[in-house]
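> Could you look at this predicted model? Sequence included:
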Amino acid sequence: MTIYDKLVEEVTAGKTYKIDLVNKSMRVGKEVLIDEGNFEGDLIGDLPCNPWEMAERLYDNFYNSRPGVWSKHDGKYFKAKPGDEMDFIELAKGEPRHIAKAKLEGYILCAVLAGLLKWNPRFGTWFWQSPKHEDFVLLKAWF
């Protein structure tokens, strides 16, 4: 099982998590899976598509995720659609926001550490912005 798979499985089962993209750390429950870029095991499995396309898919999933009773519409790093702007079908079909957030943030951290997402100087001086989702921005400091 990859580190990313373990994150998703345990968050789906109800464990808490913390992902720090700047310091490249990931914790699930009390277990540290990645500590300042150091880890043991496989980060991420085979991807069904281009790594950047995968990041955009996960952002889209997060953006349209179903907010929980106590959750905010913004995560620490990314903005999601507020629940009061979602229609009934979006609310019924959306993945729980805390799980979608873990998938997105965990993927970005694992893909960066695995070398699948790399900073390109053509992106600019300090961030990359998705051509599909203007609110989806990755900071150079995360690479």
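Cool, got the structure. What you see is a predicted model, and the numbers here were worked out from it, not measured in a lab.
> going forward, measure contacts and count neighbours with C-alpha atoms only.
Noted.
> Do a quick rundown of the strands in the protein.
Secondary structure of the chain, counting by DSSP state E: strands at 17-20, 25-28, 31-35, 38-39, 127-129, 137-139.
> Which helix runs longest in this structure?
helix 97-113 (DSSP state H).
> what about the helices in this protein?
3-12, 51-63, 88-93, 97-113.
> Which of those comes out lowest on mean pLDDT?
Of all the helices of the chain, the minimum mean pLDDT falls on helix 88-93 (a mean of 83).
> To D42, which of the helices of the chain lies closest?
Closest approach to D42 among the helices of the chain (C-alpha to C-alpha): helix 3-12, 6.2 Å.
> From the centre of the chain, give me the residue that's furthest out.
Distance from the centre of the chain peaks at F88, with 24.6 Å (C-alpha atoms, centre = their mean).
> what's the distance between that residue and I99?
20 Å (C-alpha to C-alpha, to the nearest Å).
> returning to that earlier point: can you tell me which of the strands of the chain is most buried?
Mean neighbours per residue, mean count of other C-alpha atoms under 10 Å, is largest over those for strand 25-28, with a mean of 20.
> What helices and strands are in contact with it?
helix 3-12, strand 17-20, strand 31-35 (3 or more C-alpha pairs under 8 Å, 6 or more residues apart in numbering; DSSP states H and E).
> ok so, going back, so the residue farthest from the centre of the chain versus H98, what's the distance?
Counting by C-alpha to C-alpha, the gap from F88 to H98 is 19 Å.
> With G29 instead?
G29 is 14 Å from H98, by C-alpha to C-alpha.
> if you count what's nearby, which of those two comes out ahead?
A count of neighbours by other C-alpha atoms under 10 Å puts H98 above the other of G29 and H98, at 21 against 13.
> residue contacts, the residue nearest to K101 when sequence neighbours are not counted?
Distances taken as C-alpha to C-alpha, 6 or more residues apart in numbering put F62 closest to K101, at 5.8 Å, once the chain neighbours are dropped. F62 makes contact with A80, E95, R97, A100, K101, L104 under the criterion C-alpha atoms under 8 Å, 6 or more residues apart in numbering.
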